[in-house]
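> sequence and predicted structure are below.
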Amino acid sequence: MPRKETDAADTGSMPLRVPPHSAEAERGVLGSILLDAASDNRVMDLCVENGLTPDAFYVPHNRLLFETLSEMAHASLLIDAVTLNERLRALGRLEDVGGVVFIQSLIEATPTAAHAEYYINLVRQKHLLRTVINCARDAERRCFNDAVSADLILSEVEQRFLAISDRQDSGGIPWEKAISSTMAHIDRLFSLGPGASSGLPSGFVNLDKKLKGLRNGEMIVLAARPSMGKTSLAMNIAECVALGKDINGSPMKGDHNRPHPVGVFSLEMSTESLAMRMLCGFAKVQGFLIDQGIGNPQRINQQLTRAATEIAAAPIYVDDTGALDVMDMRARARRMKKAHNIELIVIDYLQLCNCREFARQGRQIETSQISGQIKAMAKELNVPVIVLSQLSRASEQRHDKTNRPKLSDLRDSGAIEQDADVVLLLRRPCKAPGDPDFNDKMLAIVDVAKHRNGPTGEVRLNFEDSLTRFADRSDQHESDAGNMQVEDAPDI
């Protein structure tokens, strides 16, 4: 079958070159579709989402096979090796694609459909390169046509390249619809009354007063030095969101008084460790008592049993795969969203992620890519993403001895600060001998250092170390006094 993309440029002595393509990735996509289609057609949905068409396949029989699979999916037909063979036979295409043996070899050569998104992206990238090459070749041919003005050629070539870009980025909604949706959201906030959160409540009253909730599509960075409690705070928020109750056990206000599914990517701790920490904190049982066999076993067991009954019903979905590639994480998050309709994602923590594509270009560039992918994931899935991050030692090496962190202390890359919509810097004064609040062993301070859509400032919480559990603090109004001009604007 002839292909326009295989035409060589009329460049005289230049040798013919094979256009960019990956036959292995094309077979990987096809094999993944056959492996996955019997369940929920996830891979075919990913192909549609990424704009993959039959023309994206360079090898003729791969292109013909994908076209047939697309037709079957569009007609809501069952897809597997048997039905595909029958469909091809009925259309007279079976021998054109390589016969039954080739189709079976696709399945055998594809161990899992888990990497389908990677194969799809590779096929899409190669197709994009071939499209650019074709546009460039056409532009070159037009330039040798003396009958056409240079201005017209430039205009037409520019339009063709812009058309390629438009096809790659066709998302978004019409502006009129966006305005209408925003007005409906504002009306809803007014109906809820003063103090209502525009996003998903975190479960901490003091924190929600500052953030106005966790907003969809936002990347929220929670950063701290080790052993400050950032994992505990993130999991406390996840618990509150999943149960639809604040940290004191009271129902959330407004229409948030219901369970909200939460996805957790724990790259540091196992699922069992997270479950033990959350269970003990919720039951108000000190974990070391269980480890050392201290205390009244009957009373402790009763507390844990009551807590387990409620915690077990919480819609929390944990993936504790270590050293996860950020692209794999996005694919898994997408599947979580589709399967469980998750409304919040927690990632613990950013520096344990990796990005294979940029791993050899230095940690700073790799971290920039990871941060950008997490932000893109929040926008794509339209959920808030809380990502934990380590801080550098700079806060401990400054002369003020209070160990107060700054945005510049975010470790590995400034892209984290740039991509984040909200940056929360967590510290505990009792860890810094030079801090004025050093003697307050329960005080924890969350500094809202960056807030793209609201005020900044400090939020004071309590932290009970033995329970790894945070709580609201009654003296928060004192630290709020300096922000009254920002938050209490007069009516207009």
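Nice, I can see it. Please read these numbers as outputs of a predicted model, since none were measured by experiment.
> and Asn248, what does it touch?
Ala471, Asp472 (Cβ atoms under 8 Å, 6 or more residues apart in numbering). Every C-beta, even on glycine, is put in place using the N, C-alpha and C of the backbone.
> ditto for Asn62
Asn62 is in contact with Ala23, Glu26, Arg27, Leu30, counting by Cβ under 8 Å, 6+ apart.
> stretch 310-325 - what's its average pLDDT?
For stretch 310-325, mean pLDDT rounds to 86.
> ok, back up a step: which two of the contacts of Asn62 have the greatest separation?
Ala23 and Leu30 (10.7 Å; Cβ to Cβ).
> neighbour count: those two, which is higher?
Set Ala23 next to Leu30 and count neighbours by other Cβ atoms under 10 Å: Leu30 wins out with 27 against 13.
> the nearest residue to that one once chain neighbours are set aside: what secondary structure?
Distances taken as Cβ to Cβ, 6 or more residues apart in numbering put Leu106 closest to Leu30, at 5.2 Å, once the chain neighbours are dropped. Of the three states, Leu106 takes helix under DSSP: H, G, I helix; E, B strand; the rest coil.
> contacts only, for Leu106.
Shown in contact with Leu106 (Cβ under 8 Å, 6+ apart): Arg27, Leu30, Gly31, Leu34.
> hmm, 6 Å instead?
Arg27, Leu30, Gly31 (Cβ atoms under 6 Å, 6 or more residues apart in numbering).
> ok, Glu117 touching Ala331?
Yes. Between Glu117 and Ala331 there is a contact at 4.4 Å, judged by Cβ atoms under 6 Å.
> residues in contact with stretch 434-452: which ones?
Contacts of stretch 434-452 (Cβ under 6 Å, 6+ apart): 210, 401-402, 407, 421-430, 456-463.
> mark which of these are buried, thanks.
For the contacts of stretch 434-452, a burial check counting by 16 or more other Cβ atoms under 10 Å picks out 210, 402, 407, 421-430, 457-463.
> narrow these to those in helices?
Judged by DSSP state H, helices contain the following of those: Lys210.
> ok, Met329 - contacts?
Phe265.
> what's the answer for Val205, then?
Contact analysis of Val205 by Cβ under 6 Å, 6+ apart lists Asp472.
> so what's it scoring on pLDDT?
88.
> if we can go back for a sec, of Glu117 and Ala331, who's got more company?
Higher neighbour count among Glu117 and Ala331: Glu117, with 24 against 20, using other Cβ under 10 Å.
> which of the helices or strands spans that one?
Following DSSP states H and E, one finds Glu117 within helix 116-143.
> tell me which other helices or strands that helix touches.
On a contact count with 3 or more Cβ pairs under 6 Å, 6 or more residues apart in numbering; DSSP states H and E, helix 116-143 meets helix 23-36, helix 42-49, helix 150-168.
> pick the most buried one from those helices.
Mean neighbour count, computed with mean count of other Cβ atoms under 10 Å, is highest for helix 23-36 among the helices and strands packed on helix 116-143, reaching a mean of 22.
> what angle separates that helix from helix 42-49?
Counting by axes from the mean of the first three to the mean of the last three Cα atoms, to 10 degrees, helix 23-36 lies at 130 degrees to helix 42-49.
> got the angle between helix 23-36 and helix 116-143?
Going by the same axes, to 10 degrees, helix 23-36 makes 140 degrees with helix 116-143.
> and Ile374, what is it in contact with?
Met219, Val387.
> and it, how far is that from Ala333?
Remark: distance between Ile374 and Ala333 (Cβ to Cβ, to the nearest Å) = 9 Å.
> where in the stretch 251-400 of the chain is pLDDT low?
Within the stretch 251-400 of the chain, the set of residues satisfying pLDDT under 70 comprises 254-255, 288-289, 291-293, 295, 399-400.
> how about 50 then?
By pLDDT under 50, the stretch 251-400 of the chain has no low-scoring segment.
> tell me where it has strands.
Listed in chain order, the strands of the stretch 251-400 of the chain (DSSP state E, counting those that start in this stretch) span 262-266, 316-319, 344-348, 385-390.
> can I get those strands in CSV with distance to Val285 and mean neighbour count?
Formatted as CSV, the strands of the stretch 251-400 of the chain follow (distance: least, Cβ to Cβ, whole Å; neighbours: other Cβ atoms under 10 Å):
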stretch, distance to Val285, mean neighbour count
strand 262-266, 21, 25
strand 316-319, 19, 20
strand 344-348, 22, 25
strand 385-390, 25, 25
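> how about CSV for those strands, with distance to Thr112 added?
Listed next are these as CSV, based on distance: least, Cβ to Cβ, whole Å:
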stretch, distance to Thr112
strand 262-266, 19
strand 316-319, 16
strand 344-348, 23
strand 385-390, 26
